[in-house]
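Q: Give me coordinates for this.
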Amino acid sequence: MCCCKNLRSVYFWTKYILIFYNFIFQVIGLALVALGVYSEIMRSTFTDTDHVLVTPSVFLFVVGIAVFSFASIGCIAALRDNYCLIYCFITIASVSIALEAGAGVAALVFKDPAKNFVNDYVKKGLITYYDDQDLKNVVDYIQVEFECCGGRIYKDWQINPYHNCSAPGPAACGVPFSCCVPNFEDDYVINSMCGYDTMELKIFEAVQVIHVYGCIDAVLDFVWNNLDILAGLLLGVFVPQLAGIIVGLVYLDVLKKLNTKPTPEMGLMIG
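A: Below you'll find the predicted structure:
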């Protein structure tokens, strides 16, 4: 009798923990979706150019939908004591961890192909740099913060129709101002033309004016020099997922031991 009471106590605790856990992720998912939709609406007010696949807003929207869907499966599974949905919840979380870990290992093992893959994606963003204010802000932020320019090298900006050396405008053979080396004597005035004609310079001359180092390598260098931050981010990603798997497995095990169908006395029922 005592054992049965303890088992039921564990059942209720794991049930409510699982519901709360998934509710938190539902809120996070909805927040990401809302942020993605808002960013896309703001982007569309600046441009009607069709290149949504490379915008951060689409990334936020897709991730938000995925997180909300995953959390909804777990929440309904706990509310209904549904074995199938619990298995589905645990499987999705396990596969997610495996894919994330596999992607990390693959990026380390196949370093150069991974860089080329990322660079191809970055170049798509460089092409539409001036057509998308949202994307432009992200690129500018990265180039300023990491003191870099372009994907692999500053001459990647040749792919942009305004900075290509064959372009008719004054920005031809140049790079955006966010690539420029800061002028500490004049911190409050931004010279938006500081990167013009820099691609015509020799690299030892250009380095005096702009950052010639590519952003992919700059970000990787930052990561390797700040492994404690990387470890913290990885823990922040993996620990919640692992915790969800553990709670789900305990909950499933308790349900099997109770060996009974869901009843109003055991938990919350819907539908």
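
Q: use CA for all of it now, contacts and neighbours both
A: OK.

Q: right, and the secondary structure at V175 would be what?
A: coil (DSSP: H, G, I helix; E, B strand; the rest coil).

Q: I'd like to know how many residues surround it.
A: By other Cα atoms under 10 Å, the residues close to V175 number 30.

Q: Could you count how many residues lie near S178?
A: There are 25 residues near S178, going by other Cα under 10 Å.

Q: in the chain, which ranges drop under the pLDDT threshold?
A: Judged by pLDDT under 70, the chain has its weakly predicted residues at 1-5, 42-56, 184-190, 259-271.

Q: could you point out the longest helix in it?
A: Longest helix of the chain, by residue count under DSSP state H: helix 2-46.

Q: Mind giving me the packing neighbours of that helix?
A: helix 56-80, helix 133-145, helix 227-258 (3 or more Cα pairs under 8 Å, 6 or more residues apart in numbering; DSSP states H and E).

Q: ranking these by burial, who's on top?
A: Of the helices and strands packed on helix 2-46, the one with the most neighbours on average (mean count of other Cα atoms under 10 Å) is helix 56-80, at a mean of 20.

Q: what about it, distance to the chain center?
A: 15 Å (Cα atoms, centre = their mean, to the nearest Å).

Q: what does that helix contact?
A: Applying Cα atoms under 8 Å, 6 or more residues apart in numbering, the contact partners of helix 56-80 are 15-16, 18-19, 22-23, 25-40, 52, 82-86, 88-89, 92, 134-135, 262, 267-270.

Q: how many other residues sit next to A114?
A: 15.

Q: which ones are touching it?
A: A107.

Q: Which strand or helix spans it?
A: helix 111-127 (DSSP states H and E).

Q: and P161, that's in a helix?
A: No. Looking at P161 with three-state DSSP, it is coil, so not inside a helix.

Q: shift numbering so it begins at 4
A: Renumbered: residue one is now 4, and that last one reads P164.

Q: Next one: it relative to Y132, how far apart?
A: According to Cα to Cα, to the nearest Å, P164 stands 10 Å off from Y132.

Q: Between these two, tell me which one has more neighbours.
A: Here P164 and Y132 are compared on neighbour count by other Cα under 10 Å; more neighbours surround Y132, at 22 against 19.

Q: How about the more buried one: what's its closest non-neighbour residue?
A: Excluding its sequence neighbours, the residue lying closest to Y132 (Cα to Cα, 6 or more residues apart in numbering) is K139, at 5.2 Å.

Q: What of T201?
A: Closest to T201 by Cα to Cα, 6+ apart is G177, at 5.2 Å.

Q: OK, contacts around that neighbour?
A: Contacts of G177 by Cα under 8 Å, 6+ apart are W160, H166, N167, C168, G198, Y199, D200, T201, M202.

Q: How about C183?
A: C197, G198, V212, I213, H214 are the contacts of C183 under Cα under 8 Å, 6+ apart.

Q: if we go to 10 Å?
A: 146-147, 150-152, 193-199, 201, 209-215 (Cα atoms under 10 Å, 6 or more residues apart in numbering).

Q: beta partners of it?
A: Beta bridges link C183 to I213 when assigned by DSSP bridges.

Q: if I look at it, how far off is Y24?
A: 46 Å.

Q: circling back to that earlier point, JSON lines for the contacts of G177, including neighbour count, secondary structure and distance to K126?
A: As requested, the contacts of G177 are arranged in JSON lines below (neighbours: other Cα atoms under 10 Å; DSSP: H, G, I helix; E, B strand; the rest coil; distance: Cα to Cα, whole Å):
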{"residue": "W160", "neighbour count": "25", "secondary structure": "helix", "distance to K126": "8"}
{"residue": "H166", "neighbour count": "25", "secondary structure": "coil", "distance to K126": "13"}
{"residue": "N167", "neighbour count": "20", "secondary structure": "coil", "distance to K126": "13"}
{"residue": "C168", "neighbour count": "20", "secondary structure": "coil", "distance to K126": "16"}
{"residue": "G198", "neighbour count": "22", "secondary structure": "coil", "distance to K126": "18"}
{"residue": "Y199", "neighbour count": "20", "secondary structure": "coil", "distance to K126": "19"}
{"residue": "D200", "neighbour count": "17", "secondary structure": "coil", "distance to K126": "20"}
{"residue": "T201", "neighbour count": "24", "secondary structure": "helix", "distance to K126": "19"}
{"residue": "M202", "neighbour count": "24", "secondary structure": "helix", "distance to K126": "17"}
